[in-house]
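*Asks:* the following block contains a protein sequence and its predicted model.
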Amino acid sequence: MRIMLITDAWDPQVNGVVRTMKRVIAESEAMGHIWEIVHPGDGFRTVPLPTYPEIKLALFARKKIEERFDDFEPDAIHIATEGTLGMAGRAMCLTVKHPFSTAYHTRFPEYVAARLPIPISVGYSFVHWFHKYSGKVMVPTPSMVEELRARKFINLVAWTRGVDTELFDPAKRIDAGAANDPFKGLPRPIFLNVGRVAVEKNIESFAELDLPGSKVIVGDGPQLEELKRNYPKVTFLGGKFADELAAIYASADVFVFPSLTDTFGLVVLEAMASGLPVAAFEATGPRDVIPGSNAGTITPVGGDLAQGALDCLALSRETCRAYAETYSWKACAEAFIENLQPLPAPARRRFWQKIRLRRRRKPPIEGL
C-alpha cells in the first residue's frame, strides 16, 4: 500500500511516538509498503509548544497537506498525533471523504493538564472529538482500550509495541569498575531511569526514593535543570543513544519506571531486553506488560516503589531477556498494517478519478 503518515512528532524529537513509527515504517517498507511522511519539519511554518519549546506546532498546514495528498495518492492515511498537523489532516480526510486511522500514543489530557491550567475533562472532550470518526483507533494496551471504552470512545483496537533485541542486549553489560564502566565511581547497586525528563513522567517519585547505591537518570527535557538543582544526590547523564544507551541499560541493576501517564513505555521493554528487571507503578502500560513475566514488580500507585525496586534485585536477568524476546517490531508493524483503513479497490479507483477531475477543473494560476 501507499501510506500517508501525518504526525506532529518527528525528528529531532526523541519520544515513543517517533521511535515506534520509525520502526513500523522500516519493517513495513521491508514488506513492500511505500510511505509519505508529513511532519512539522517538512517545510511548514511552526511555533514552539508553550512550556515545551522542543516540540514544534505547524501552522496553516491544511493546503500543503492537501497538495501532498493529491500528489501521493495514498491508499491509506494514518494520523499519529492530536496536534495541529493531526487536526489539519483529519479535517482534510473528512472533507474529501477518505477514511483514516488514528493512534492514542499519549495520555493527551493528563499531559496538557500537567503543563497548563486546563481541566482533564476538557482534554478528554477534545480527544474524544478528535478520534470520533477514525476507522480504527490504535491503542497500546488492552487496559488502555478498556479505559477509553469506559469514556465512550469507539473503534478501539489494541496495538502493542516491539523492542530492538539486537541493540538492547545483556551481552553489552560492562563490568563494574572497568575503564569504560558508564557508572564508574558510583556506589552499587545502580537504579536507573531512562526517558524524557518532563513533568508528566513523575520522575520526582524516583528521585525521592530511599534506595541504597545510586540513582541515575538518563534523558533530556524541559525539567532537567530543575531536577538537577532539586536532587543533587541523583546522577544525571543527559541524553544517550544507540550503543552507549544499550551499555547503560545492560550495566545497571534495576530499572525504575515511576510514570503514571505513559500509555505503554517502550523503555520498559528496552530494559528487559537488556536483562534489566523493572520496578513500576500499577499504571497503564506496566500493568499489561509486567504481571506474570517474572521480569519486574508492580507497586500500587502511592505504594512503596522503593521496596518494589529492591525486590527486583533478586530477579533473573535471563528471564527478563527471554520475556522481552516475545515482543517483535515485525509483529507490531504487521498489526499496524492490518488496522489501517484503506478504501476498497473499486471505491479507490472512483475516488481518485474524482480527485483528478477536480484537479483539471482548477483555474490556472495567473502568471503561470
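*Replies:* On my side now, so go ahead. Numbering: from 1, shown residues only.

*Asks:* low-confidence stretches in the protein?
*Replies:* Residue ranges of the chain with pLDDT under 70: 361-368.

*Asks:* try it again at 80.
*Replies:* 50-54, 108, 111-112, 114-116, 345, 358-368 (pLDDT under 80).

*Asks:* break the protein into its domains for me.
*Replies:* 2-162+330-361, 170-324 (automatic domain parsing).

*Asks:* turn the ones you listed into JSON lines, columns for mean neighbour count.
*Replies:* From N, CA and C alone the C-beta is placed, and that goes for glycine too. Output for the domains of the chain, formatted as JSON lines (neighbours: other C-beta atoms under 10 Å):
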{"stretch": "domain 2-162+330-361", "mean neighbour count": "17"}
{"stretch": "domain 170-324", "mean neighbour count": "19"}
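
*Asks:* surely Phe255 is in contact with Val194?
*Replies:* Yes - here Phe255 reaches Val194: they are 7.4 Å apart, a contact under C-beta atoms under 8 Å.

*Asks:* what residues do those two have in common as contacts?
*Replies:* Shared contacts of Phe255 and Val194, defined by C-beta atoms under 8 Å, 6 or more residues apart in numbering, are found at Tyr249, Val267, Ala271.

*Asks:* thought the second one was touching Val256?
*Replies:* So that's Val267. No - counting by C-beta under 8 Å, Val267 does not reach Val256; the two are 10.6 Å apart.

*Asks:* the helix or strand where Val216 lies packs against which elements?
*Replies:* Using DSSP states H and E, Val216 maps to strand 214-218. Applying 3 or more C-beta pairs under 8 Å, 6 or more residues apart in numbering; DSSP states H and E, one finds that strand 214-218 contacts strand 190-194, helix 203-207, strand 235-238, helix 242-251.

*Asks:* now the first one and helix 242-251, what's the angle there?
*Replies:* Orientation of strand 190-194 against helix 242-251 (axes from the mean of the first three to the mean of the last three C-alpha atoms, to 10 degrees) gives an angle of 140 degrees.

*Asks:* show residues contacting strand 190-194.
*Replies:* So strand 190-194 is contacted by 183, 203, 206, 209, 211, 213-219, 240, 245, 248-249, 251-258, 267, 270-271, 276, 309 (C-beta under 8 Å, 6+ apart).

*Asks:* residues in contact with Leu245?
*Replies:* Counting by C-beta under 8 Å, 6+ apart, Leu245 has contacts Val194, Val218.

*Asks:* give me that answer again for 7 Å
*Replies:* By C-beta atoms under 7 Å, 6 or more residues apart in numbering, Leu245 lies in contact with Val218.

*Asks:* start at 51 instead
*Replies:* That works, and once the first residue is 51, the last one we named lands at Leu295.

*Asks:* quick one: the strands in the stretch 151-300 of the chain?
*Replies:* Secondary structure of the stretch 151-300 of the chain (DSSP state E, counting those that start in this stretch): strands at 151-153, 187-189, 206-208, 240-244, 264-268, 285-288.

*Asks:* put together TSV for the ones you listed, with distance to Ala138 on each row.
*Replies:* Shown next, in TSV, are these (distance: least, C-beta to C-beta, whole Å):
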stretch	distance to Ala138
strand 151-153	14
strand 187-189	19
strand 206-208	24
strand 240-244	33
strand 264-268	35
strand 285-288	34
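
*Asks:* and Pro159, which of those is closest to it?
*Replies:* With C-beta to C-beta as the measure, strand 187-189 is the member of those nearest Pro159 (14.5 Å).

*Asks:* other SSEs contacting that closest one?
*Replies:* If contacts are counted by 3 or more C-beta pairs under 7 Å, 6 or more residues apart in numbering; DSSP states H and E, strand 187-189 sits against strand 151-153, strand 206-208.

*Asks:* so what does the last one touch, helix or strand wise?
*Replies:* If contacts are counted by 3+ C-beta pairs under 7 Å, 6+ apart, strand 206-208 sits against strand 187-189, helix 192-200.

*Asks:* now distance to Lys380 too, for these, in JSON lines please.
*Replies:* Listed next are these as JSON lines, based on distance: least, C-beta to C-beta, whole Å:
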{"stretch": "strand 187-189", "distance to Lys380": "17"}
{"stretch": "helix 192-200", "distance to Lys380": "21"}
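
*Asks:* right, and these - which one's nearest Asp125?
*Replies:* Asp125 sits nearest to strand 187-189 of all those, at 17.3 Å, using C-beta to C-beta.

*Asks:* the strand holding Val266 pairs with which strands, parallel or anti?
*Replies:* For strand 264-268, the paired strands and their directions (DSSP bridges) are strand 240-244 (parallel), strand 285-288 (parallel).
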